[in-house]
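A.B. asks: Provide a 3D model corresponding to the input given below.
(2 chains)
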Amino acid sequence: LIAHNDSSMRDTEDMDAEVEFDEGEEPSFSDPEDFVDDISDQELLGDVLREKPQEADGIDSVIVVDNVPQVGPDRLEKLKNVIHKIFSKFGKITNEFYPEADGKTKGYIFLEYSVPSHAHEAVKNADGYKLDKQHTFRVNLFTDFDKYMSISDEWEPPEKQPFKDFGNLRHWLEDPDCRDQYSVIYDSGEKTGIFSNDVKEPIEVEERARWTETYVRWSPKGTYLATFHQRGIALWGGEKFKQIQRFSHQGVQLIDFSPCERYVVTFSPLMDTKDDPQAIIIWDVLTGQKKRGFHCESSAHWPIFKWSPDGKFFARMTQDTLSIYETPVSFLQQAICFRVDFSWSPGDNIIAFWVPEDKDIPARVTLMQLPSRNEIRVRNLFNVVDCKLHWQKNGDYLCVKVDRTPKGTQGIVTNFEIFRMREKQVPVDVVEMKEGIIAFAWEPNGSRFAVLHGESPRINASFYDVKSNGKIDLIKMFDKQQANSIFWSPQGQFLVLAGLRSMNGALAFVDTSDCTMMNIAEHYMASDVEWDPTGRFVVTSVSWWSHKVDNAYWLWTFQGRLLQKNNKDRFCQLLWRPRPPSLLSQEQIKAIKKDLKKYSKIFEQKDRLSQSKASKELVDKRRAMMEDYRKYREDAMKMYQEQRPLRLELRGGVDTDELESNVDDWEEETIEFFINEEIIPIGDL
Amino acid sequence: MKPILLQGHERSITQIKYNREGDLLFSVAKDQFVNVWYSVNGERLGTYNGHSGAVWCVDVDWDTKNVLTGSADNSCRVWDCETGKQLIMLETNSAVRTCGFDFSGNIIMFSTDKQMGYQCYLNFFDLRDPQQIEDNQPYLSVPCSESKITSAVWGPLGEFVVAGHENGEINQFSAKSGEILKKVREHTKQINDIQTSIDLTMFITASKDSSAKLIDSASLDHIKTFKTERPVNSAAISPNMDHVVMGGGQEAMEVTTTSTRIGKFEARFFHAAYEEEFGRVKGHFGPINCVAFHPDGKSYSSGGEDGYVRIHYFDPQYFDFELEA
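C.D. replies: All right, here's what the predicted structure looks like:
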């Protein structure tokens, strides 16, 4: 500090000296002749130097292709042609080298592009290219060889991480009354609560202010609750909802879990750079490690990555390829050209996708098994405008909704192509629909499906059943429904037809076993319908995100009996906590169903008990309240009586305590009211 | 129960009030008319003409001699009830929001709005002193700079005025010194209405925060809370049952986004002791701005944003109804 002071003082002195020197004459800015500049370029313009063009040895633009067929000189020209055809798609090839030994090529080649980015492109797209049965190209950057050569031979075992005990992550399943939980966001997002659902009133489990910045998500088996923050995602779980894991992803907007809960995919529009793909990141839930990052062009169709039901594969569609990745290594399994839409079977590792028509080639719906890549069913379709894929929850059926414009007709015709997945060769049946389709939904565990079709206000709801012989029966049609969405109970059989938002929240509760309307109701302006995971209850809600008044969630039984109206100020979202699949075998479930009468007696008794307890509690509560009120009123009346002389004085001695206490002072007045009289002659009838 | 529909106003009703015997019903509205009706059949007895702006408040003294009104035309007027003649006009700097006769009928109070650079005042005049009237000089004028008064009633025996404020506060102002005797903050939003029980020992507040509260007049102790999901514009205490009635609904500017079909414009009846709702009365096709019980408790009236006053006589079942306890 002293040294600094010294120097600054000297500076001032110098300046003073200079100023004193001569004010009229301009000082000389030239360096003395023996002056040597001691500032390096790095110090002076480090920021510019970084962009200084560098001499490239061209090595960045070289790729190595393995598994190339080994050929003699006679066929070398032909091979070169094939290679050119494949690899010049990615850029201009400036140099090539086919090493030879004993008159045959060695089976690997070197290609040089004009710029490194083309080489990168080639590695990205041609790696794994299947030339023929024996030859699948492996493409690498030449520079990668250097990189991987320098990796130490000795393996360092990773440090042992201490085991963190978060308690029983499935604690909520042990509730003696089998209550389900749900999360509620309200106060326009300020507050988040977890509640246990009870017929009487929700039981609060946990409530925190500013738990999340936007919304929350449950993992598919209900183990974790994910909250969103500016800096990333946090996972919470266990009995007390402690933080279990964090994934740091600046500006994260969307997430998706793999069905097995092993991985989580996050999306943020902020972080992506050219060299470091970070728009989409796949994380390991258990370790919290980042597995891989991806670029992303648009987040419009979230989830971008779709997972196979066992979490082994995930697939995404980029501009015109469908890429399937395998976990845990996450290498690209294969790329298929030009797809429009795809979807995994929820039951098996089968992927369904469709390819639109191209000149003379018909549109095609393909079902492909993985990892064998067997095409188990291909269906060609003509004059297709659009296809939508709808899987039944177990993967037993697939419905492809096909919009077509048949030749010589105007407008669009819709067909349902029903694939029966469990039968040999996957037979397909067609249901022709005569009207526009508003909604379609499979019964989750059954063979029925529901369709809303027609045009507002003439919307019809139809229910179909797919028989094993391929016959598809129309079971029932309800006409003139106020509905735009179908919500099946997760157990099947029951469903809610809802007219959300613009249709004012009309609700119809349907039992599809005999197709009866169990109840017709309304939750005005309802924006969401959510079944609990067991299919016992259903919640309708008006979210503050879509409507600013009457924000509330209502609880109904599956039959449509309203149990609760929960008004929450600026309520935003309710999500049921999912349950993991049952551990019971099919036989055990059957046995339970058989003995249902035995169990139902126990439950009915329990219900009666809790009901009488509840009504007793209510009566007790009322009694106590009345007692308090009576006491207050008695005290008030006592005081009132004491003040009587004062009142009399104020009103000049007139007693006005009772309505008729001064009746003697009343003046009687008789008022006549005129009643219209009109004679209307009744003519001859 | 078929209501009697009173169609005497062209704009939304701002306040209704029965006289002590309940044979007359006074109504004021934003259309500058003051009407008086026979409550028994809904026939209009007459109007008090003179105001040139929305009339915000009305009161009548205990022996139904004088009628007091306050208006957005910056005046507070006293009328002869029987003849309709204007007796007194007190000019103010801003709109008159609330007014009332004290227990004796000799002293009036009224509050003015914070408006046009003037702040809110609570003014007291003694009608027995002609000098005060002539000079337009209240014997007591209390400034309320913090938050304006939105509703006010006299306490029992005329010792103080209970005022509800825009910020949800309730204050007791001494009618002699003007000082604040007691202060509570029971509501989080504006207090739209205060009405006393028939014996003046307690009062009910109606607030924009969607609740109404029963409060002791003297101590300002909270007694009961009645919750709804809409702003409450007005609430009244039944004179002969342990019941309260509440009227409200969405604010007028938001009404188009709600449906009348789901009936949020209903008058809602709560049990005073249990704080539970037990009945609703439909009818208005806009928010209810004011409700009032007939002093005999056999009927009640409501005035709405729709401009109508409805008189409802209770069915016999209403008096037999008991909640299980």
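
A.B. asks: tell me where the stretch 51-200 of chain B has strands.
C.D. replies: In the stretch 51-200 of chain B, the strands defined using DSSP state E, counting those that start in this stretch lie at B:55-60, B:66-71, B:75-80, B:86-91, B:96-101, B:107-112, B:120-126, B:140-144, B:149-154, B:160-165, B:169-174, B:180-185, B:191-196.

A.B. asks: would you reformat these as CSV and include distance to chain A?
C.D. replies: To be clear about C-beta, it is placed using only N, CA and C from the backbone, and glycine gets the same treatment. As requested, the strands of the stretch 51-200 of chain B are arranged in CSV below (distance: least, C-beta to the nearest C-beta, whole Å):
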stretch, distance to chain A
strand B:55-60, 13
strand B:66-71, 14
strand B:75-80, 16
strand B:86-91, 19
strand B:96-101, 11
strand B:107-112, 10
strand B:120-126, 14
strand B:140-144, 18
strand B:149-154, 11
strand B:160-165, 14
strand B:169-174, 16
strand B:180-185, 16
strand B:191-196, 12
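
A.B. asks: what would these look like in JSON lines with mean pLDDT and mean neighbour count?
C.D. replies: Shown next, in JSON lines, are these (pLDDT from 0 to 100; neighbours: other C-beta atoms under 10 Å in any protein chain shown):
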{"stretch": "strand B:55-60", "mean pLDDT": "95", "mean neighbour count": "25"}
{"stretch": "strand B:66-71", "mean pLDDT": "94", "mean neighbour count": "26"}
{"stretch": "strand B:75-80", "mean pLDDT": "94", "mean neighbour count": "22"}
{"stretch": "strand B:86-91", "mean pLDDT": "92", "mean neighbour count": "16"}
{"stretch": "strand B:96-101", "mean pLDDT": "94", "mean neighbour count": "24"}
{"stretch": "strand B:107-112", "mean pLDDT": "94", "mean neighbour count": "26"}
{"stretch": "strand B:120-126", "mean pLDDT": "93", "mean neighbour count": "22"}
{"stretch": "strand B:140-144", "mean pLDDT": "91", "mean neighbour count": "17"}
{"stretch": "strand B:149-154", "mean pLDDT": "94", "mean neighbour count": "24"}
{"stretch": "strand B:160-165", "mean pLDDT": "94", "mean neighbour count": "26"}
{"stretch": "strand B:169-174", "mean pLDDT": "94", "mean neighbour count": "22"}
{"stretch": "strand B:180-185", "mean pLDDT": "92", "mean neighbour count": "14"}
{"stretch": "strand B:191-196", "mean pLDDT": "95", "mean neighbour count": "24"}
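
A.B. asks: which residues of chain A fall in helices?
C.D. replies: A:2-21, A:41-49, A:73-87, A:116-126, A:142-149, A:586-594, A:596-642, A:644-650 (DSSP state H).

A.B. asks: tell me which of these sits most buried.
C.D. replies: Per residue and on average, the most neighbours among those fall to helix A:116-126, with a mean of 19 (mean count of other C-beta atoms under 10 Å in any protein chain shown).

A.B. asks: what parts of the stretch 551-685 of chain A come near chain B?
C.D. replies: Proximity of the stretch 551-685 of chain A to chain B, by C-beta under 8 Å from any C-beta of the partner chain, involves residues A:552, A:567, A:615, A:619, A:622-623, A:625-626, A:628-630, A:632, A:636-637, A:639-640, A:643, A:646-647, A:650-651, A:654, A:656-657, A:659, A:666, A:671, A:673.

A.B. asks: apologies, that question was intended for chain A.
C.D. replies: Going by C-beta under 8 Å from any C-beta, the residues of chain A near chain B are A:504, A:522, A:524-525, A:547-550, A:552, A:567, A:615, A:619, A:622-623, A:625-626, A:628-630, A:632, A:636-637, A:639-640, A:643, A:646-647, A:650-651, A:654, A:656-657, A:659, A:666, A:671, A:673.
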